[in-house]
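# the following comprises the amino acid sequence and a computationally predicted model.
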Amino acid sequence: MRLLIIPLAMLACLGPAVARCPLYLPMRIGPVTGNPEKDTVGLFCAQPEPAPPVASAASGRVSTRVGAPTGDAEKDTVGFAPPSGMERAAR
């Protein structure tokens, strides 16, 4: 009876943590030795990535370039254009 108490206690403690992972994938840990019996393999919990939020097309804000183009897209500055006169009146 004593032999069953320890595994059941561990299962009760670790069960909820293990249940949170939807998919376990094998993952190599350490260098490849060439002998599959000596290679270390662990389990990796693969969490599904949430979908990015969808941008609203109804915002009506138009992006425009601010300043002169530098030729490098990472250095160019982009901003939002102010709303037109009709849009200001509607607000």
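That came in fine, so what should we check first?

# ok, which stretches of the chain are helices?
Remark: helices assigned in the chain by DSSP state H are 2-19, 85-90.

# so Cys21 makes contact with Gln47?
Yes. Because the distance of 7.4 Å satisfies C-beta atoms under 8 Å, Cys21 is recorded as touching Gln47. C-beta here means a position set from N, CA and C on the backbone, and glycine is covered the same way.

# leaving out sequence neighbours, find the closest residue to Ala41.
Heads up, residue 41 is Val, not Ala. Of all residues not flanking Val41 in the chain, Pro26 sits nearest, at 5.3 Å (C-beta to C-beta, 6 or more residues apart in numbering).

# still on that earlier bit, comparing Cys21 and Gln47, which residue is more hemmed in?
More neighbours surround Cys21 than the other of Cys21 and Gln47, with 13 against 10 (other C-beta atoms under 10 Å).

# dump the residue contacts of that one.
Applying C-beta atoms under 8 Å, 6 or more residues apart in numbering to Cys21 gives the contacts Cys45, Ala46, Gln47.

# please, where are all the strands along this structure?
For the chain, the strands defined by DSSP state E occupy 24-29, 40-45, 63-66, 77-80.
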